[in-house]
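Peer 1: coords please:
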Amino acid sequence: MALSLNKLTARGVTSISTPGRHGDGGSLYLVVDKSGAKRWVFLYRRLERLREMGLGGVNSVTLARARELAAAARADLKAGIDPIEAKRSADITIVPTFGDEADAYIEAMKPQFRNAKHVAQWQMTLREYAGPLRAKPVDQIGTADILAVLKPIWLTKSETASRVRGRIERVLDAARAKGHRSGENPALWRGHLDKLLPKRRKLTRGHHAAMPYADVPAFVGDLRDRPALSARALEFTILTAARSGETYHATWKEFDLKAGVWTVPKERMKAQREHRVPLARRAIEILEEVAAFGIAPDALVFPGQKMGRPLSGLAMEMTLRRMQVDVTVHGFRSSFRDWCGEATEFPREVAEAALAHVVGDETERAYRRGDALEKRRRLMVAWADFCEPHGRAAAEAIADTQASGPNIFL
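Peer 2: As a prediction, the model looks like this:
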């Protein structure tokens, strides 16, 4: 019986997106992974065992070339030769180690990472936590190897362990797409590792230890008694309700002190959207104080000891520890949000916008074109007034700012 061949077309290979196997005939299949990645495989039985031979990804192997490779594999089978063994003996290309494949994957995917920090996180986790895998050929990594990496941190560093597993899975998927591996991915979670590892302890919403907002003014007073740059950075972060990374990497070109606005570029925002932050008078005073370190457009506002580097990522947390305060920097965003909801009449949407949270569905956001800058300005001024150690009462501050309007710098 003649083989039914050449069922696919080059155009069809480009348009097919449904995950699964799509047969071309003659045991040649186009495999579409859930991630959307596409690769060629040759499936055959040898000694009553189904085997899968990777022929490469569609980006590097055309349909015509995949058919040639499949024809060669069928010829091997007809001659009583195992195609995979024949490929291994004839292939002069050395199978890369996991370390080489991981580095190559990160380099290839750099354009899709959010920023340099994201790249560094990938590099660190695949170097430190996945260290035992790096010297091993990528086609020899099995489930036992993955478990040896994950078990020591699975319950003690749950979030990190989950990220490590996911990153290993993606590197091994890339290796399979290149034809360096075959078979199931040993780092796959659903239907595989979820049967071998306990459910990890997920972080719950609001896990960052936060200070009751009523205690913030006294804390700010103690903070101002500290001359360290990290103390100024922390107070600035509190007053702007910013994330610590936004403060650490702020440069002077992002600030318009005359307009009282800090514009954080989308590349540095979690939601990948530009965020304008209205600055209260005290926030500007802090900027004027640290301007002594230099205000070149690309200069860091809160520089570290090494030239061109920001303060250490733990600088503000260490200030909290030295002050013996059991909260986190990120927790002050919760303090701010609690204050907005419990002690003010500002709308929820304005408070969420101040935190750079995405509110509403896509349609609702399309109609809400502005970013409520002036409404948020009144909110941030009220927050700064509330945070004053010997300032006015919160109610008075809110009433004053709502009555006076946005012209707070005149």
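Peer 1: Next SSE downstream of the lowest-mean-pLDDT helix or strand in the chain?
Peer 2: In the chain, no helix or strand scores lower on mean pLDDT, DSSP states H and E than helix 362-367, which sits at a mean of 40. Going down the chain from helix 362-367, the next helix or strand is helix 373-387, by DSSP states H and E.
Peer 1: Quick check: which helices or strands does that next one pack against?
Peer 2: Packing contacts for helix 373-387, counted by 3 or more C-beta pairs under 8 Å, 6 or more residues apart in numbering; DSSP states H and E, involve helix 216-224, helix 229-240, strand 275-278, helix 281-290, helix 331-343, helix 348-354, helix 394-404. C-betas here are computed from N, CA, C, even on glycine.
Peer 1: same thing but at 6 Å, please
Peer 2: Under the contact criterion of 3 or more C-beta pairs under 6 Å, 6 or more residues apart in numbering; DSSP states H and E, helix 373-387 touches helix 216-224, strand 275-278, helix 348-354, helix 394-404.
Peer 1: least reliable of those going by mean pLDDT?
Peer 2: Lowest mean pLDDT within these: helix 394-404, a mean of 43.
Peer 1: For the stretch 51-200 of the chain, which segments are assigned as helices?
Peer 2: Using DSSP state H, counting those that start in this stretch, the helices of the stretch 51-200 of the chain run over 63-78, 83-90, 98-109, 116-128, 143-154, 158-177.
Peer 1: Same list (the ones you listed) but as a markdown table, adding distance to Val290.
Peer 2: Converted to a markdown table, the helices of the stretch 51-200 of the chain look like this (distance: least, C-beta to C-beta, whole Å):
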| stretch | distance to Val290 |
| --- | --- |
| helix 63-78 | 60 |
| helix 83-90 | 61 |
| helix 98-109 | 34 |
| helix 116-128 | 22 |
| helix 143-154 | 38 |
| helix 158-177 | 33 |
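Peer 1: Mean neighbour count, those helices: which tops it?
Peer 2: With neighbours taken as mean count of other C-beta atoms under 10 Å, the helices of the stretch 51-200 of the chain reach their highest mean count in helix 158-177, at a mean of 20.
Peer 1: Okay, angle between that helix and helix 116-128 too, please.
Peer 2: Here helix 158-177 runs at an angle of 80 degrees relative to helix 116-128 (axes from the mean of the first three to the mean of the last three C-alpha atoms, to 10 degrees).
Peer 1: Next, the angle helix 98-109 makes with helix 158-177.
Peer 2: Between helix 158-177 and helix 98-109, the angle comes out at 90 degrees (the same axes, to 10 degrees).
Peer 1: Find me the pLDDT at Ser17, would you?
Peer 2: The predicted local confidence for Ser17 is 90.
Peer 1: ok, now the one 10 residues further on?
Peer 2: Residue-level confidence at Ser27 comes out at 93, pLDDT.
Peer 1: Just to be sure, Gly23 is in a strand?
Peer 2: Yes - counting by DSSP: H, G, I helix; E, B strand; the rest coil, Gly23 is part of a strand.
Peer 1: For Leu8, see how far away it is.
Peer 2: Separation of Gly23 from Leu8 (C-beta to C-beta, to the nearest Å): 8 Å.
Peer 1: Would you mind telling me which of the two has more residues around it?
Peer 2: Leu8 (19 against 13; other C-beta atoms under 10 Å).
Peer 1: Once you drop chain neighbours, what's closest to the more buried one?
Peer 2: For Leu8, ignoring the flanking residues on the chain, the nearest one in space by C-beta to C-beta, 6 or more residues apart in numbering is Asp24 at 4.4 Å.
Peer 1: can you check Cys387 too?
Peer 2: Among residues not flanking Cys387 along the chain, Val220 sits closest, at 5.0 Å (C-beta to C-beta, 6+ apart).
Peer 1: can you list the weak-confidence ranges in this structure?
Peer 2: Residues of the chain that meet the criterion pLDDT under 70 lie in 1-3, 89-94, 114, 200-208, 358-371, 391-410.
Peer 1: Any idea which residue is closest to the centre of it?
Peer 2: Centroid-nearest residue in the chain: His118, 5.9 Å away (criterion: C-alpha atoms, centre = their mean).
Peer 1: Now do it against Leu314, distance only.
Peer 2: Taking C-beta to C-beta, one finds His118 at 19 Å from Leu314.
Peer 1: try Gly183
Peer 2: For Gly183, the distance to Leu314 - C-beta to C-beta - is 42 Å.
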